[in-house]
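In: Fold the following and give me the result.
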Amino acid sequence: MNRTAFVLINVAHALDHMFLLIFATAVTRIAADLGVGRWEDLMPFSVASFFLFGLGSIPAGRLGDLWGRRPMMVVFFVGMGLSSLLVSVVQTPLQLAAALALLGLFAAIYHPVGIPMLVQNAQRPGFTIGINGMSGNLGIALAAIVTGFLVKHLGWRAAFALPGLVCLALGYWFWRVAPLEHQAPAKRRQTPVPPMARTLAKLLLIMTLAATSGSLLFNFTTNSNYELLAERLSRITQDPATLGALLGGVYAVASLMQLVVGYLIDRYPMKRLYLSLIALQFALFGLSVSATGWWFYGLQFAFMAVIFGAIPFTDAMIVRFVDDAQRSRVSGMRLAVSLGASSLAVWLIGPVVKAAGFSTLLMVMMAVSLVTFTVVTQLPSQAKPAA
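Out: So this is what the prediction gives:
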């Protein structure tokens, strides 16, 4: 793979997460424009987007292995761009829900296709996954910064339309520069599988359960952080552009944790690293329950860093124990379960916050991190990482 294609695949990860979070960042303005009284009442209309983001991983992964990853990535760029443009012209909440669902379906292509495409010949897969994860989280930062700026100066519709046009242009560039695949991954000769792959079924079950609870935390935080920050900094600022910039700073700095974790995964046993991060999640959520002002803002840096830092583990496990000819399909099945189940978080945010406030939501996240810790303790201990 040439360097330009490598960069574009990482940029695609940033776009994937950015597009899914434009709505959460602009939801207050969208609710006002569409005649919905409160932003909490509009949040459930995005549930279908996140559900299809998970469920669509199964056909996306299958097509990636059997048809080819390059053409699927072209479909990703084009589909994301067009569906984002469609969101920008909706007139009712139901139209919004349908357009966001289509956006989620195309967004589902990236993880089971783009990540296996990146690591298929990687010498340091953990670090490669770390770079890719950091790129995705920078997309979350872009969602906060760019959306906050566009909503303030051009309106929420421009916040969907302009990134959609950029995505279409990048898709054309990728189609021009990405090397052709001579064979689909499933048709290539398979390589020897490591001995621990005999326990692959157990590993995938544990990692899928852990990834599901981790995805719940990811969706809880990334879809509520803007409104949470607005509440906890209410005495300091309510300007959307300023809040967007502050939240973008959180995501940008926290995303660097994935580089650190990717580096460590290539050198140390996964289980010990994973459990350490989850224990930190639990403690930081507990400290955040009653924190306000700049104290809360500092804690938000910390808990987003450990949430982002936990993301690379499942992909690293799949790279280590699954042959490249099957990685897209295995990733697709795992993602369908974890992301599909975690879409529940998006539906719960509005009702939970409306009924009990953000402190209760943070306590729910403490409970989820405790479940994740319990599941990860069942991972087999590994003396050292694969060579």
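
In: how about the nearest residue to Gly37, chain neighbours excluded?
Out: Ala31 (7.3 Å; CB to CB, 6 or more residues apart in numbering). Where you see a C-beta, it was placed from the backbone N, CA and C, and this is true even at glycine.

In: what residues are up against the one you found?
Out: Neighbour list for Ala31: Gly37, Arg38, Trp39, Asp41, Leu42 [criterion: CB atoms under 8 Å, 6 or more residues apart in numbering].

In: go again using 7 Å as the cut-off
Out: If you count contacts by CB atoms under 7 Å, 6 or more residues apart in numbering, Ala31 has them with Arg38, Trp39, Leu42.

In: Please name every helix or strand in contact with the longest helix seen in the chain.
Out: For the chain, the helix with the greatest residue count under DSSP state H is helix 200-232. Counting contacts by 3 or more CB pairs under 7 Å, 6 or more residues apart in numbering; DSSP states H and E, helix 200-232 packs against helix 3-33, helix 240-265, helix 293-309, helix 312-321, helix 327-356, helix 358-376.

In: Which residues outside the next helix or strand after the first one are in contact with it?
Out: The helix or strand immediately downstream of helix 3-33 is helix 39-42, counting by DSSP states H and E. For helix 39-42, the surrounding residues in contact (CB under 7 Å, 6+ apart) are Val27, Thr28, Ile30, Ala31, Val36, Pro93, Glu227, Gly350, Val353, Lys354.

In: How far away from the center of its chain is helix 39-42?
Out: 22 Å (CA atoms, centre = their mean, to the nearest Å).

In: Any buried residues in the following helix or strand past that helix, and which?
Out: Downstream of helix 39-42, the next assigned helix or strand under DSSP H and E is helix 47-55. The neighbour-count check on helix 47-55 (16 or more other CB atoms under 10 Å) flags Val47, Ala48, Ser49, Phe50, Phe51, Leu52, Phe53, Gly54, Leu55 as buried.

In: And stretch 318-335, by the same measure?
Out: For stretch 318-335, by 16+ other CB under 10 Å, it's 318-335.

In: Save the contacts of helix 39-42 as CSV, and put in pLDDT too.
Out: Converted to CSV, the contacts of helix 39-42 look like this (pLDDT from 0 to 100):
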residue, pLDDT
Val27, 87
Thr28, 85
Ile30, 89
Ala31, 90
Val36, 85
Pro93, 91
Glu227, 84
Gly350, 71
Val353, 74
Lys354, 73
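
In: Apply the buried test to those residues and list what passes.
Out: The neighbour count (16+ other CB under 10 Å) marks Val27, Thr28, Ile30, Ala31, Val36, Pro93, Glu227, Gly350, Val353 as buried among these.

In: got a list of what the third one touches?
Out: In this case it means Ile30. Ile30 makes contact with Phe23, Leu42, Trp156, according to CB under 7 Å, 6+ apart.

In: Please name whichever of those residues scores lowest on pLDDT.
Out: Ranked by pLDDT, the contacts of Ile30 bottom out at Leu42 (87).

In: residues near it, how many?
Out: 21 (other CB atoms under 10 Å).

In: where in the chain is pLDDT low?
Out: Residues of the chain that meet the criterion pLDDT under 70 lie in 184, 186-200, 340, 343, 346, 381-387.

In: Looking at the buried ones among the contacts of helix 39-42, which one is closest to Thr292?
Out: Ranked by distance to Thr292 (CB to CB), the buried ones among the contacts of helix 39-42 are led by Glu227 at 14.4 Å.

In: Let me know the secondary structure of Met134.
Out: helix (DSSP: H, G, I helix; E, B strand; the rest coil).

In: count of neighbours near it?
Out: By other CB under 10 Å, the residues close to Met134 number 26.

In: Mind giving me the packing neighbours of whichever strand or helix holds Leu170?
Out: Assigned by DSSP H and E, Leu170 belongs to helix 156-177. Counting contacts by 3+ CB pairs under 7 Å, 6+ apart, helix 156-177 packs against helix 3-33, helix 69-87, helix 125-153.

In: Out of these, which one sits most buried?
Out: helix 125-153 (a mean of 23; mean count of other CB atoms under 10 Å).

In: which secondary structure elements does it contact?
Out: helix 3-33, helix 110-119, helix 156-177, helix 240-265, helix 312-321.

In: Tell me how far Ile22 lies from Leu102.
Out: Between Ile22 and Leu102 the distance, using CB to CB, to the nearest Å, works out to 14 Å.

In: Next: Leu339.
Out: Leu339 is 16 Å from Leu102, by CB to CB.

In: between these two, who's got more neighbours?
Out: Neighbour tally, Leu339 and Leu102, criterion other CB under 10 Å: the higher count belongs to Leu339, 26 against 19.

In: Help me confirm that the more buried one comes into contact with Leu52.
Out: No - using CB atoms under 7 Å as the test, Leu339 is too far from Leu52 to be in contact (9.3 Å).
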